[in-house]
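How does the following fold in three dimensions:
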Amino acid sequence: QLQASGGGLVQSGGSLRLSCAASGFTLDQFTIGWFRQAPGKEREFVAAISWRGDSTSTADSVKGRFTISRDHNTVYLQMTSLKPEDTAVYSCAVSRRSYGSDRSYDYPYWGQGTLVTVSS
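Numbers count the residues shown, from 1 in each chain. So this is what the prediction gives:
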């Protein structure tokens, strides 16, 4: 089971750190992606990290503000300088690709998301 956590309500300009953890299997063999979906909008790519942790990619909309990282069995999304437009449900997903992808269909396994709300 894959589970995202760490969401909550934060003021504009604030920070949050999201975590993606697994039970029943280990994440260290998989590339992990973070995606988000705001109300009434399509799901969009946020960031990804390769299974070795040697390659990351970040969407232009969050570049310089969000950082993805990983340790043994947890993947983190550090979010700073949050804006109201970052409000969304954030989900992590697993891919067998060697490197991250910004396409949701490259991630066959998804966990439950966590809600991030940024107030203005």
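
Residue 6 against residue 15, yeah?
No: in this structure residue 6 lies outside contact range of residue 15 using CB atoms under 8 Å: 10.8 Å. (Each C-beta comes from the backbone N, C-alpha and C, glycine too.)

So which of these two has more stuff around it?
With neighbours defined as other CB atoms under 10 Å, residue 6 and residue 15 compare such that residue 6 has more, 16 against 11.

Now do the same contact list for the nearest residue to the more buried one once chain neighbours are set aside.
Excluding its sequence neighbours, the residue lying closest to residue 6 (CB to CB, 6 or more residues apart in numbering) is residue 18, at 4.2 Å. Applying CB atoms under 8 Å, 6 or more residues apart in numbering, we find residue 18 in contact with 4-7, 34, 76-77, 79, 90, 92, 114, 116.

Show me what the residue most central in space within the chain bridges to in the sheet.
Compute the mean C-alpha point of the chain, and by CA atoms, centre = their mean the closest residue is residue 34, 2.6 Å away. Note on residue 34: beta-bridge partners residue 47, residue 92, judged by DSSP bridges.

ok, it - contacts?
Residues near residue 34 by CB under 8 Å, 6+ apart: 18, 20, 45-48, 68, 75, 77, 90-93.

Please apply the same query to residue 65.
79-82.

Sort out which of those residues are buried, if you could.
79, 82 (16 or more other CB atoms under 10 Å).

picking up where we left off before, okay, the residue nearest to the centre of the chain and residue 10: tell me how far apart.
17 Å (CB to CB, to the nearest Å).

ok, and the most crowded of the contacts of residue 18?
Going by other CB under 10 Å, residue 92 tops the contacts of residue 18 with 33 neighbours.

doesn't residue 111 make contact with that residue?
Yes: Residue 92 is within contact range of residue 111, at 5.5 Å (criterion: CB under 8 Å).

phi, psi of residue 105?
Main-chain torsions, residue 105, degrees, to the nearest 10: phi -70, psi -10.

Need the three-state assignment for residue 28.
helix (DSSP: H, G, I helix; E, B strand; the rest coil).

Spell out, range by range, the strands that occur in this protein.
Along the chain, counting by DSSP state E, strands occupy 2-5, 8-11, 16-22, 31-37, 44-49, 56-58, 66-71, 74-79, 88-95, 109-110, 114-119.
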